[in-house]
Every structure is written in structure tokens, then in C-alpha cells.
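Trainee: using only what follows, build the 3D model:
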Amino acid sequence: MVLARLMVWAFCRAYYFAFYVIEHHVDPGYRFSGLISFVAYALRKDRK
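Mentor: The predicted structure follows:
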């Protein structure tokens, strides 16, 4: 049970860190609703 709680806590921290980095450093003007939103944004963005 302790290991399961540790895994959930670690996943939440990693998700928060990834979301923070994406939101503040990729495109500060665009509001992402989550990591899936970022993936959709990255796939449709023009690569010039």
C-alpha cells in the first residue's frame, strides 16, 4: 500500500512539473488544459 501511494505521488509530481514547464516555457500566451492538449497543440502547430 505504501508503494502504491508513493507511485501515485510521484506520478502527480511528474505531471505537475511537465505541465508547469510546458505552460511557462513552450507558449506562455496559450492556455493548455493538460498534457493531451499540449500534444494536440504540438501536432497542429506549423513547423517552419
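Trainee: which helix is the longest one in the protein?
Mentor: Using DSSP state H, we find that the single longest helix of the chain is helix 2-21.
Trainee: can you say which helix or strand has residue 32 in it?
Mentor: Taking DSSP states H and E as the definition, one finds residue 32 inside no helix or strand.
Trainee: I figured it hits residue 21, correct?
Mentor: No. Taking contacts as Cβ atoms under 8 Å, residue 32 lies outside contact range of residue 21: 11.1 Å. Placement of C-beta: from N, CA and C, glycine included.
Trainee: looking at those two, which is more packed in?
Mentor: residue 32 (16 against 10; other Cβ atoms under 10 Å).
Trainee: residue contacts, that one?
Mentor: By Cβ atoms under 8 Å, 6 or more residues apart in numbering, the residues touching residue 32 are 19, 22, 23, 38, 41.
Trainee: let's go with 10 Å and repeat that
Mentor: Contacts for residue 32 (Cβ atoms under 10 Å, 6 or more residues apart in numbering) come out as 19, 22, 23, 26, 38, 39, 40, 41.
Trainee: residue nearest the centroid of the protein?
Mentor: When Cα atoms, centre = their mean is applied to the chain, the residue found nearest the centroid is residue 19 (3.0 Å).
Trainee: ok, and the closest non-adjacent residue to that one?
Mentor: Leaving aside its sequence neighbours, residue 19 sits nearest to residue 35 (Cβ to Cβ, 6 or more residues apart in numbering; 6.4 Å).
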